[in-house]
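K.L.:
give me a model of this one.
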Amino acid sequence: MNVDTVWLSTLVTFVLLFGYEAAVAVAQRRRPDRMARTAHAALREDWFAAVSLHGGSELLSVQTLRNALMSATMTASTAVLGLMGTVTLAAPSLHVSLGEAAALPRLTPRLVLELLLLTLLFASLVCSAMAVRYYNHAGFISGMPLESEARQRWAPAGAAYVRRAGLLYSWGLRHLILVAPILASLLHPFAGPVAAVLIVAVLSRFDRAAVHEG
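P.N.:
Numbers count the residues shown, from 1 in each chain. Next comes the predicted model:
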């Protein structure tokens, strides 16, 4: 296949994915209440505030946070496995492209795709691991007796932690989803733009806050 055609297909895939992400970022700043990411972050804060008003809800709140922590752990584990597999499979070509002394790296579409794949998987791992960290801290706060002085002192931090954890989990999961068009491009250049269109169509549905649908 012509190299220029492969480059064009790769570029179209990038533009579709990251152009959409840029559009979402702009929309989120203009109308945060209509975007699922910020709306759900507010939901988690409201949830923490609600369970902090009723005594005896400590066990329920800890169990809810444990479920969220397990979801973030599964995302982190998936990212780790994907990262290890990608490094193993891509190591020979990366060594050939980047390991030649006294020579500039040979920039090819495959090299760009492999580096982007590694970046997305690593970003997913970091975001998911940080989400686990914040969920863990929030669990300790939520498990404190409601009437205790420590609970009252740490309540603002708990609300902030569940918000950050949710946002980080969302980013970790999103990075995993964005891996699909990159993998499709590695299998066949023309599959990349098709997969990118499908992913953007799915994400555009998910990115709208459900409370404002209809």
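
K.L.:
so which helix or strand of this structure has the lowest pLDDT on average?
P.N.:
helix 58-98 (a mean of 86; mean pLDDT, DSSP states H and E).

K.L.:
packing partners for the next helix or strand after it?
P.N.:
Sequence-wise, the next helix or strand downstream of helix 58-98 (DSSP states H and E) is helix 109-142. The criterion is 3 or more Cβ pairs under 8 Å, 6 or more residues apart in numbering; DSSP states H and E, and the helices and strands that helix 109-142 contacts are helix 3-30, helix 36-51, helix 58-98, helix 149-187. The way it works is simple: take the backbone N, C-alpha and C, and place the C-beta from them, glycine included.

K.L.:
find the nearest non-adjacent residue to Leu60, please.
P.N.:
Nearest non-adjacent residue to Leu60, counting by Cβ to Cβ, 6 or more residues apart in numbering: Val51, 6.9 Å away.

K.L.:
show me what contacts Arg44?
P.N.:
Val162, Arg163, Ala165, Gly166 (Cβ atoms under 8 Å, 6 or more residues apart in numbering).

K.L.:
and the gap between the closest residue to Tyr161 other than its chain neighbours and Trp154?
P.N.:
Once flanking residues are discounted, Tyr161 sits nearest to Ala138: 4.1 Å by Cβ to Cβ, 6+ apart. Per Cβ to Cβ, to the nearest Å, Ala138 is found 10 Å from Trp154.

K.L.:
of those two, give the one with the bigger neighbour count.
P.N.:
Counting neighbours by other Cβ atoms under 10 Å for Ala138 and for Trp154 shows that Ala138 has the greater number, 28 against 18.

K.L.:
check that one and give its pLDDT.
P.N.:
Note on Ala138: pLDDT of 93.

K.L.:
what sits against it?
P.N.:
Phe48, Leu65, Gly158, Tyr161, Val162, Ala165.

K.L.:
cool, and Cys127?
P.N.:
Per Cβ under 8 Å, 6+ apart, neighbours of Cys127: Leu168, Tyr169, Trp171, Gly172, His175.

K.L.:
distance of Leu11 relative to Ser52?
P.N.:
50 Å.

K.L.:
which intervals of the chain have sub-threshold pLDDT?
P.N.:
Per-residue confidence for the chain (pLDDT under 70) gives these ranges: 1, 93-105, 209-214.
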